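Give me the fold of what follows.
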Amino acid sequence: MGVPFEALLPYGICLAVRYHLDLPDAIRNIQNGGKRARHSIDQWDRQMMDRDRRLTGWLRGQVDRPIAPAGFEYSNGWRVEKNLH
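This is a model prediction of the structure:
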């Protein structure tokens, strides 16, 4: 004897609500490279996240290579003018 589908509706509703509420968190998690979202980001954090983005291509990515890749000779964004003398 089978189980009527009406008996399973509350379970389906509970599962749908649970996974629907976690969907924005899952999207935010994917955007951060699998890491939790950051809060209260100050200027230092923005600077370090920009550096990480330039090194790895991800905003929250980090590498353990001791030598910087080509094109990353200068770690700051300032351009220095050439000496006139």
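
List the buried residues for the one helix or strand Leu15 maps to?
Applying DSSP states H and E as the criterion places Leu15 in helix 9-31. Using 16 or more other Cβ atoms under 10 Å as the test for burial, helix 9-31 gives no buried residues. All C-beta spots, glycine's among them, are computed from the backbone N, C-alpha and C.

Show me what that helix is in contact with.
35-37 (Cβ atoms under 8 Å, 6 or more residues apart in numbering).

now that helix: how far from the chain's centre is it?
Centre-to-centre, helix 9-31 and its host chain are 19 Å apart (Cα atoms, centre = their mean, to the nearest Å).

before we move on, back to that, output the contacts of helix 9-31 in TSV, with pLDDT and neighbour count appended to each entry.
Below are the contacts of helix 9-31 laid out as TSV (pLDDT from 0 to 100; neighbours: other Cβ atoms under 10 Å):
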residue	pLDDT	neighbour count
Lys35	82	14
Arg36	80	10
Ala37	80	11
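
so how many other residues sit close to Arg46?
10 (other Cβ atoms under 10 Å).

how far away is it from Arg54?
13 Å (Cβ to Cβ, to the nearest Å).

any weak-confidence spans in this protein?
1, 20-21, 73-85 (pLDDT under 70).

ranges for the helices of it?
For the chain, the helices defined by DSSP state H occupy 9-31, 43-56.
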